[in-house]
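Asker: My questions concern the predicted model and sequence given below.
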Amino acid sequence: MKKRMFDHEEQRFSIRKYSCGAASVLIGCVLFMGGQTVLADEQATTGTVPEAAQVGTVNKTQNTIESTDVSSQSAATQKETTVTTTAPTSSSADKAVSVATETTPSQTTTVDAATQTEDETTNSSVDATTDTATPSTTVKVEKSPVEKEAGKEEADVAKLMDKTQPAQQARLAESKVTQSVPSLPSQGYYTYTKRTEVKNEPKASAALQFYVNAGDRVFYDQVLIADGYQWLSYRSYSGVRRYAAINKLIQSEPQQPAKQTPSSTGTFPSRGRYIFSGTTEVKNEAKLSAPTQFTFNRGDSVNYDKVLENDGYQWISYVSYSGMRRYAAVTKLAQPAPQRPAQSQVTGTIHIENKTSQGFDVVVTNVSSTKGVKTVMLPVWSSQGGQDDIIWYDAAKQNDGTYKLSVDIRRHKNNYGDYNVHMYYVQSDGSLQGVTGTTTKVEEPKYSVTGTIHIENKTSQGFDVVVTDVSSTKGVKTVKLPVWSSQGGQDDIIWYDAAKQNDGTYKLSVDIRRHKNNRGEYNIHMYYVQSDGSLQGVTGTTTKVEEPKYSVTGTINIQNKTSQGFDVLITNVSDSNGISRVKVPIWTDKDGQDDIIWYDATKQSDGNYKVSVNVDKHKGERGTYNIHLYYIESNGKVRGVSGTKTSVAEPSSAREIIPSQGVYTFKKEVEVKNSPAMAAKTEFTFAKGERIRYDKVLDADHHQWISYVSYSGTRRYIPIATLTNEGTPKHVQVTGTIHIENKTSQGFDVVVTNVSSTKGVKTVKLPVWSSQGGQDDIIWYDAAKQTDGTYKLSVDIRRHKNNRGEYNIHMYYVQSDGSLQGVTGTTTKVEGSQTGAKEVQYNGSYYFIQGKYDEIVVANKKHPMAANYNPGENLTAKAAFLRLRNDMIAKGYNVGYAYSGFRTYDYQKVLYQNYVNKDGQAAADRYSARPGYSEHQTGLVFDLTDKAGNLLEDTAASNWLKNNAHRYGFVVRYQPGKEASTGYMPEAWHIRYIGKEADEVYHSGLSLEEYYGFEGGDYASSVTSSKPTTPSPQTPAIPAQGVYRFTKRSSIKAEARMSAPELAYYDAGQSVTYDKVLNADGATWISYIAFSGKRRYIAIA
């Protein structure tokens, strides 16, 4: 195949070997170029034309004569011929059309008929005006011997044209200048003979893009003449079309073209432009008997796309603008001459695109054959080893009519170098027709490796290494970074694996503690472990770790001074050597340092440190106190920082020592006022023994006052002591401060600082509830003590019905004697729209919500599935379950291989009914789902068994499962204490597959209903009372908890007994949040926990 591409040698012929020959080509050119253009069905030329036929007008400066290349044989087997066209003179047909009279030199282009494509023929068509005196311009190609022989035929052709069209008046005007250029095929390889500019337009003035040098080679697909140059053109790999001027046009003396004579045979191109020599009828069929639709007059012209013979005439045919195919009889056939066998005429162009070191794409355009094309076959082989890697590919037809093939060199023994691409058509008659061929080159890839080391975040303790631009032509499996200091050789070298980041970079944090705490110069080298396992060195750098500059800061602040002590707050704490502890030695001026105590200050959430000093720990002494500050540094050294003094005053004999807020029991009858002034009006009085919760203690008007806000919203003041020494500070018995931190739309953290009570603190309790719906979402949390002495609680609004808006946080201490002491309270706001439960959607088979990572199927007593929903076991869930089960067995737990997985609707129906028959429906509903409500129908649930085949209840195995199921994507679905939300009693064996989010569900401690916020609990029908209760005046119909608004004055009591003393009261219009409703002593009572921690009762009916 390499020596001879095609075996069909009968295809080798020149134009003059046809019976039509050069005469036909020349007649077609004259017909195309001479006369006016007629566009049918658009504009009539005379009043007698029944259907409009538009006659094209000639441009004021030139008349474009279009011609179409109808023969597209192989360039290697076809002879070249020079075609010259002349512009016609004005005729009587000019009366029917608008013709420009301005004369302009016309131009005639001599082309290579053997290689010119249809598009190129159009681009190089001749422009001419109707002025017969205007000379023509001919672009000449250097004649080969074949061309000289073809030139002899031109005279004969002209005579034939005169006989065929005696009315044709067309003439070519002589040109003043003749231009000649070397002949080139329309496409192929070109080797540059000199340094040549490459541009994006065929203009001498166009911008230079780059140069090519002499000896460079390019595959071009177009040859054109423009701006006084011959250009070749190709499309670059970037998709941009490039142009290179290879020859300047040579000026020579004008030459008189040979006169053309119409052919007497009536033979002309199969498509082109035809000028009518007389009135001609136009029909819708190629039959003389067919009705005449309209006529063309002499001088009119039309573009046709078919030539056929029928009914004793030769016809031309075209498709009109209306879409109708028209026929016109142009020549009467004298006697049908014997026809030579039709030769197959084929076209096709091969383009090589997307070349890489691994292959290339072959795109075939302009595919046609007169015998039709069934398949485009592309034999491809490399130039190595003969044709031992040849593959005959079938190219795939694309939507745009082109054909495409992607060649992968792995199918050609991974050979590099020249590749041969030939093209054949399997024609409609089954014959194989060779078309064309080309070559391309696959370059061997050049090995390359890149990578850049950046040193960032340098401190005296280390630095970060960031690697960018990571690549290797062999692939990169691991980025290794050996790091060592320049001290002691490489005795501290560590080979690190850098961690890949989301942005494709790699990162390593270096801590000098892993390098013997050496400072100074550090060496960082980089290696790639490549895909083939080889280790490739890439680059290296150095950086310097400086010795730290020593600095130490710290400020002592004295706060909350009373006669019982004071607080020491240390701010601006820092030490460049690091701080492990903050020590505060404190002593009085009396008797030397016999009462000195070295306190460990407690770190606060804001980074400050605090010590609370009580004089009782310093022999009860008052007066001057010394406070010094020391840091125990990270290296163990003790560093002195600062010091100060403060004084503790003697207490006042008249002042009562009480907390800043709490409950006060009156020792005598007292007056209640609306301002802390003895002259203020007395609103009412409290009797001896009565109690009130206060939230303020203050000194005013020579008295000690307590203050509270009444239920009416009015602040009240009560004097409890007459002061003799107003400057004496008050003593605090209980302290505590609430801080709200880390607020998001999903919750907040509560941090409690300064926790103390003279009775000791066992537990810090934090009741939390939203302001929606009374206290129906209240939860009494136990705050967790932190290592710094503070207490912390994280509040998740999913545990509070997903309510947003205002939240209430109160604080109580369970003291060492077991008493509950109210301390303080605050509010905070959770921003965000109030959405309540997450939106649950239904798709016709099951309910679902969108989780953080995946869609979550919802199946509980409020969300059933369709009876025909039958997904089977989820393959991902089952694979995860088998890993979990097998791991438990391998660890020695009492777990068997048997399990219960997917259940159909019908299977669950039978199973549930058996339980109902055995235990009754009420009992069965607690541990078995009704048909359509079972999670087993989702295919995401599995029940584990023990080795005996019973449902898994083994304590050790159940505990492991509860704490590890999330590692496999599961949660234990029904846990103790969650029946109200899940609707089912605990099942240690029942696990539900969630996927990635299972880890977050597990750590939240919530059920799926609580975590995702969708509705759970019992079946809707089971909570509907068969007969609604009619409320009566004796039994108010109110919820079991909520907010109650009083309609009259109502007494607050410590017991649900009518004879119990009144502690306080609510006026009509006031309200309270209650958590209980009960009947006692002939009355209905609401009850709540007061701020003091005591339960209160109010009779409402």
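Answerer: Thanks, I have it.
Asker: Verify the stated contact: residue 941 with residue 994.
Answerer: No: using CB atoms under 8 Å, residue 941 is not in contact with residue 994, being 10.9 Å away. (Each C-beta comes from the backbone N, C-alpha and C, glycine too.)
Asker: Tell me which stretches of the stretch 601-750 of the chain form helices.
Answerer: Ranges of helices in the stretch 601-750 of the chain, per DSSP state H, counting those that start in this stretch: none exist.
Asker: what's the answer for the chain, then?
Answerer: Secondary structure of the chain (DSSP state H): helices located at 21-33, 118-123, 145-151, 153-164, 875-890, 905-919, 921-927, 955-964, 979-982, 998-1004, 1008-1012.
Asker: What's the mean pLDDT across the first one?
Answerer: So the one you mean is helix 21-33. Mean per-residue pLDDT for helix 21-33: 48.
Asker: same check, this time on stretch 1069-1080
Answerer: Averaged over stretch 1069-1080, pLDDT sits at 81.
Asker: ok, residues contacting it?
Answerer: Here stretch 1069-1080 makes contact (CB atoms under 8 Å, 6 or more residues apart in numbering) with 711-712, 774-775, 778, 1035, 1038-1046, 1056-1057, 1066, 1084-1089, 1098.
Asker: Restricted to strands, list those.
Answerer: Mapping the contacts of stretch 1069-1080 onto strands (DSSP state E) picks out 1042-1045, 1066, 1084-1089, 1098.
Asker: Just the buried residues out of the residues you listed, in PyMOL syntax.
Answerer: Applying 16 or more other CB atoms under 10 Å to those, the buried members can be selected in PyMOL as follows:
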select buried, resi 1042+1044+1066+1084+1085+1086+1087+1088+1089+1098
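Asker: Just the closest of the ones in strands among the contacts of stretch 1069-1080 to residue 499, please.
Answerer: Set against residue 499, the nearest of the ones in strands among the contacts of stretch 1069-1080 by CB to CB is residue 1089 (52.5 Å).
Asker: ok now do that closest one, which residues does it touch?
Answerer: Shown in contact with residue 1089 (CB under 8 Å, 6+ apart): 767, 1075, 1095-1096.
Asker: Give the bridge partners for it, please.
Answerer: With DSSP bridges as the criterion, residue 1089 is bridged to residue 1095.
Asker: on that earlier part again, for the helices of the chain, which has the smallest mean pLDDT value?
Answerer: Out of the helices of the chain, helix 118-123 stands lowest, with a mean of 34 (criterion: mean pLDDT).
Asker: What segments of the stretch 401-550 of the chain are strands?
Answerer: Taking DSSP state E, counting those that start in this stretch as the test, the strands found in the stretch 401-550 of the chain are 403-408, 417-427, 432-442, 449-459, 462-472, 476-485, 494-497, 499-500, 506-511, 520-530, 535-545.
Asker: Can you give the distance of the shortest one from its chain's centre?
Answerer: It stands for strand 499-500. Distance of strand 499-500 from its chain centroid, counting by CA atoms, centre = their mean, to the nearest Å, is 21 Å.
Asker: From the contact counts, what lies against that strand?
Answerer: In this structure, strand 499-500 packs against strand 506-511, with contacts taken as 3 or more CB pairs under 8 Å, 6 or more residues apart in numbering; DSSP states H and E.
Asker: Kindly provide the whole-number mean pLDDT of the strand it packs on.
Answerer: The model assigns strand 506-511 a mean pLDDT of 95.
Asker: Please identify the pairing partners of that strand and their relative orientation?
Answerer: Sheet pairing here is set by DSSP bridges, and for strand 506-511 it gives strand 462-472 (antiparallel), strand 499-500 (antiparallel).
Asker: and for the shortest one, what are the contacting residues?
Answerer: Going back to what we said before, that points to strand 499-500. 479, 506-508.
Asker: If we use 10 Å, what do you get?
Answerer: For strand 499-500, the external contacting residues (CB atoms under 10 Å, 6 or more residues apart in numbering) are 467, 470, 476, 478-479, 505-509.
Asker: tell me the average confidence for it?
Answerer: Strand 499-500 comes out at a mean pLDDT of 95.
Asker: which residues sit in contact with residue 525?
Answerer: For residue 525, the contact set (CB under 10 Å, 6+ apart) comprises 453, 480-484, 493, 495, 537-542.
Asker: Just the buried residues out of the residues you listed, in PyMOL syntax.
Answerer: Entered in PyMOL, the line below selects the buried ones among the contacts of residue 525, by 16+ other CB under 10 Å:
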select buried, resi 453+480+481+483+484+538
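Asker: just to revisit the earlier point, which pair of the contacts of strand 499-500 spans the longest distance?
Answerer: Across the contacts of strand 499-500, the longest distance by CB to CB is 20.6 Å; it joins 476 and 509.
Asker: more crowded one of the two?
Answerer: When neighbours are counted by other CB atoms under 10 Å, residue 476 comes out ahead of the other of residue 476 and residue 509, with 18 against 12.
Asker: Mind listing the residues bridging to the more buried one?
Answerer: Here residue 476 shows beta-bridge partners residue 530, assigned using DSSP bridges.
Asker: ok, it touching residue 533?
Answerer: No: using CB atoms under 10 Å, residue 476 makes no contact with residue 533, being 12.0 Å away.
Asker: Just the pLDDT for residue 359.
Answerer: Note for residue 359: predicted pLDDT of 94.
Asker: Could you report the distance from it to residue 441?
Answerer: Remark: distance between residue 359 and residue 441 (CB to CB, to the nearest Å) = 12 Å.
Asker: Mind listing the shared neighbours of the two?
Answerer: Common contacts of residue 359 and residue 441 (CB under 10 Å, 6+ apart): residue 419.
Asker: So which of these two has more stuff around it?
Answerer: The residue with more neighbours, out of residue 359 and residue 441, is residue 359; 18 against 13, by other CB under 10 Å.
Asker: Bridged to that one, which residues?
Answerer: Residues in beta-bridge contact with residue 359 (DSSP bridges): residue 356, residue 408.
Asker: who touches it in this structure?
Answerer: Counting by CB under 10 Å, 6+ apart, residue 359 has contacts 380, 406-412, 419, 442.
Asker: Just the buried subset of those, please.
Answerer: Those of the contacts of residue 359 that meet the buried threshold are 380, 407, 409, 412, 419, 442, by 16+ other CB under 10 Å.
Asker: Tell me the one among the residues you listed nearest to residue 968.
Answerer: Among the buried ones among the contacts of residue 359, residue 409 lies closest to residue 968 (CB to CB), at 45.1 Å.
Asker: Hmm, residue 381 and that closest one touching each other?
Answerer: No: judged on CB under 10 Å, residue 409 makes no contact with residue 381 at a distance of 11.2 Å.
Asker: Tell me the residues that contact both of those two, please.
Answerer: Joint contacts of residue 409 and residue 381 (CB under 10 Å, 6+ apart) are 389, 415, 419.
Asker: quick revisit: tell me the one of the contacts of residue 525 nearest residue 348?
Answerer: Residue 348 lies nearest to residue 538 out of the contacts of residue 525, by CB to CB, at 48.5 Å.
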